[in-house]
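Novice: sharing a model prediction with you, sequence too.
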Number of protein chains: 2
Amino acid sequence: MVKYNAEHLNDVFSVLSDPTRRTIIEQLSKGERSVRELAQPFDMSLPAISKHLKVLENAGLVTHRKEGRYRYYAIQPDAMDGACEWISTLKQLWTKFEGMFCCKQKKQ
Amino acid sequence: MVKYNAEHLNDVFSVLSDPTRRTIIEQLSKGERSVRELAQPFDMSLPAISKHLKVLENAGLVTHRKEGRYRYYAIQPDAMDGACEWISTLKQLWTKFEGMFCCKQKKQ
DNA sequence: ATTATACTTAACCAAATGGTTAAATATAAT
DNA sequence: ATTATATTTAACCATTTGGTTAAGTATAAT
């Protein structure tokens, strides 16, 4: 079920506007990660990462489960569908329905 | 030519995170519009709209031409391609390449 | 029991964001 | 020439954002 309302779009696009959060999403696309693992590539304090994770979770883009003292974060793949559909719809209007898909495929 | 670098993604997603700017984009998808036309649906001062248009233009999402005392804004359709491709790439990773397209098509 | 690890919460701060009103600029109309 | 319209710029303000450090909580290891 795709959430497709203004507030959710605000949240999702806002989440994606931060490069740290995009990198976190990229990492999570390879599977579950603990907070420390997610923090590793950044020159940034752990509380900062913790905050980013909270923002990501509030927007519904990630979830976590607790295992011992670890928190494992995972991606929530459908949460971006609304945002993607919004772009898709706009693209369709611009191109006057010449293309059916959201994104151009790589030219080969 | 698709811009696909971190700063441009920051800008584009940040632009899209504001509902006023998304509405402006939606209006422009139907064609050129003057500033006053774009401002009409909002309960907001003209300088506020002017600022939003500047943000949109800085991110490359719109351009304008001047005609007399009017400024006509137009959409720059390719500017969102980078953002769209980023989402697309992520979706592909999540679904382990089960789907080739950025967005799910409407189920019928 | 003590200490170390994993992580969050709280308090704080500077900079960015999104709005305002008032004044300025440029063009058009009278 | 004067006035009206279209729009921007400037100065300001409150709120949000993204970071910090210090302290707190929960679990694991010794």
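Specialist: Thanks, I have it.

Novice: near chain B, which residues of chain A?
Specialist: With CB under 8 Å from any CB of the partner chain as the criterion, chain A comes near chain B at residues A:2, A:6, A:9-11, A:13-14, A:16-19, A:22, A:25-26, A:29-30, A:75, A:77, A:80-81, A:83-88, A:90-91, A:93-95, A:100-105. All C-beta spots, glycine's among them, are computed from the backbone N, C-alpha and C.

Novice: narrow these to those in strands?
Specialist: Mapping those onto strands (DSSP state E) picks out A:Ile75.

Novice: go through the host helix or strand of A:Glu37 and flag the buried ones.
Specialist: Take DSSP states H and E as the rule and A:Glu37 turns out to sit in helix A:35-39. Applying a neighbour-count criterion of 16 or more other CB atoms under 10 Å in any protein chain shown, one finds A:35, A:38-39 buried in helix A:35-39.

Novice: which one of those residues is nearest chain B?
Specialist: The closest of the buried residues of helix A:35-39 to chain B turns out to be A:Leu38 (CB to the nearest CB; 15.5 Å).

Novice: these two touch, right, that closest one and A:Glu26?
Specialist: No. With contact defined as CB atoms under 8 Å, A:Leu38 does not count as touching A:Glu26 (10.4 Å).

Novice: stretch A:21-29 close to DNA strand D?
Specialist: No. Stretch A:21-29 lies apart from DNA strand D when judged by CB under 7 Å from any atom of the strand; the minimum separation is 7.6 Å.

Novice: name the residues of that stretch that are buried.
Specialist: The neighbour-count check on stretch A:21-29 (16+ other CB under 10 Å) flags A:21-22, A:24-25, A:27-29 as buried.

Novice: quick one: A:Tyr73 is in a strand?
Specialist: Yes. Judged by DSSP: H, G, I helix; E, B strand; the rest coil, A:Tyr73 forms part of a strand.

Novice: picking up where we left off before, and the buried residues of helix A:35-39 as a markdown table, adding distance to B:Leu56 and pLDDT?
Specialist: Below are these laid out as a markdown table (distance: CB to CB, whole Å; pLDDT from 0 to 100):
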| residue | distance to B:Leu56 | pLDDT |
| --- | --- | --- |
| A:Val35 | 36 | 98 |
| A:Leu38 | 32 | 98 |
| A:Ala39 | 34 | 98 |
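
Novice: nearest to DNA strand D among the residues you listed?
Specialist: Nearest to DNA strand D among those is A:Ala39, at 9.7 Å by CB to the nearest atom of the strand.

Novice: and the next helix or strand past the helix holding A:Glu37?
Specialist: For helix A:35-39, the following helix or strand on the C-terminal side (DSSP H and E) is helix A:46-58.

Novice: just checking, what packs against that following helix?
Specialist: Counting contacts by 3 or more CB pairs under 8 Å, 6 or more residues apart in numbering or on different chains; DSSP states H and E, helix A:46-58 packs against helix A:6-16, helix A:19-28, helix A:35-39, strand A:62-67.

Novice: want to try TSV for these, with distance to B:Glu57 as columns?
Specialist: Supplementary listing: these in TSV, determined by distance: least, CB to CB, whole Å:
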stretch	distance to B:Glu57
helix A:6-16	18
helix A:19-28	22
helix A:35-39	35
strand A:62-67	33
